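Peer 1: Sequence first, then the predicted structure, then my questions.
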Amino acid sequence: MKLFETYIVRRVGMMFLVALLPVLAIIWTTQVLQRINLVTDSGQSMGSFAKLATLILPTIIPIVLPFALVIGITQTLTAMNSDSELTVMEAAGAKRSIIIRPIMILAIAISAFSFFVDNVVEPKARVAARNVRRDGMDNLKADEKKGEISEDERKRAETEVQKLTDATIADIDAVAQAKEKEILGK
C-alpha cells in the first residue's frame, strides 16, 4: 500500500474502533442486565454468569460491525474534507482510487470477519450455552446428593437455569432470524 492508502486505513480503522467499542459495550451490557435476575435467583456462580454473558457477543458483533464501519468511514472522510486533505490529495494528482481502495479493503476484511463470526463462532456459542446448562444441572444434582440443597431447591434452581439458557439461546436465534430476513429480503 502506498503512504496515502495506509494513512486512510489507519484513520478509518481508528474511527471504526471508536464507534464499535462503545456501541458494542452498551448493547452487550443491556443484554447481560436482562439476565441478571435469572442468575441471582438460581444461585449460579459468577463464572457461569460471565460465561453465558460472553456467549451473547457472537450474536451482537455481526450486527454492530457494519454500522461502526459506516460511522468510521463517514467521520474520516468528513474530517479529511474539513481539514482540506482531500483537496490537497486531488491537487497533488492522486486518483480517487487511492481513497476508495483502502476503504474497500477494510470493508472486505470486516465482512469476512463478520462472516466468520456468524458461521463459525456463533454456532459454537450456541453449543457452549447448552453445555453451561448441562454443567449447572450436574452441579445441582451433586449438591443435592451431598445434602447441601433439598430436592425442591434443586428443581427450582433447575427451572431457573433452564430459563437462563432458553433466554440466551432465544437471543441467538432471534439475531440469526433477523439476519436471515435481512439477507433474503423476506
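Peer 2: All right, it came through fine. For clarity, every value in this text was computed on a predicted model and none was experimentally measured. Numbers count the residues shown, from 1 in each chain.

Peer 1: distance between the top helix by length along the chain and the chain's centre?
Peer 2: Using DSSP state H to assign secondary structure, the helix with the most residues in the chain is helix 151-184. For helix 151-184, the separation from the chain centroid amounts to 17 Å (computed by C-alpha atoms, centre = their mean, to the nearest Å).

Peer 1: Quick check on Phe16: phi, psi?
Peer 2: Phe16 adopts backbone torsions of phi -60, psi -50, taken as degrees, to the nearest 10.

Peer 1: separation between the spatially closest residue to it that is not a sequence neighbour and Phe113?
Peer 2: On the basis of C-beta to C-beta, 6 or more residues apart in numbering, the spatially nearest residue to Phe16 that is not a chain neighbour turns out to be Gly72, at 3.4 Å. C-betas here are computed from N, CA, C, even on glycine. As judged by C-beta to C-beta, to the nearest Å, Gly72 and Phe113 stand 14 Å apart.

Peer 1: same question, Met15
Peer 2: Between Met15 and Phe113 the distance is 17 Å, computed by C-beta to C-beta.

Peer 1: Any stretches of this structure with poor pLDDT?
Peer 2: For the chain, applying pLDDT under 70 flags the ranges 1, 35, 37-45, 48, 172, 175-176, 178-180, 182-186.

Peer 1: higher neighbour count, Met15 and Phe113?
Peer 2: The residue with the greater number of neighbours, taking Met15 and Phe113 and applying other C-beta atoms under 10 Å, is Met15; the counts read 21 against 14.

Peer 1: which other helices and strands contact whichever helix or strand the more buried one is part of?
Peer 2: Under the criterion DSSP states H and E, the helix or strand holding Met15 is helix 3-33. Helix 3-33 sits against helix 46-55, helix 57-82, helix 97-116, with contacts defined as 3 or more C-beta pairs under 8 Å, 6 or more residues apart in numbering; DSSP states H and E.

Peer 1: can I get the ones you listed in CSV with distance to Ala129?
Peer 2: Converted to CSV, the helices and strands packed on helix 3-33 look like this (distance: least, C-beta to C-beta, whole Å):
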stretch, distance to Ala129
helix 46-55, 5
helix 57-82, 10
helix 97-116, 19
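
Peer 1: Specify the stretch among those that is closest to Lys145.
Peer 2: helix 46-55 (19.5 Å; C-beta to C-beta).

Peer 1: Provide the contact partners of the closest one at residue level.
Peer 2: Residues outside helix 46-55 that contact it (C-beta atoms under 8 Å, 6 or more residues apart in numbering) are 28, 31-32, 35-36, 39, 125-126, 128-129, 132, 135-136, 164-165, 168, 172.

Peer 1: can we see that at 6 Å?
Peer 2: Counting contacts by C-beta atoms under 6 Å, 6 or more residues apart in numbering, the residues outside helix 46-55 that touch it are Val32, Val39, Ala125, Ala128, Ala129, Val132, Thr168.
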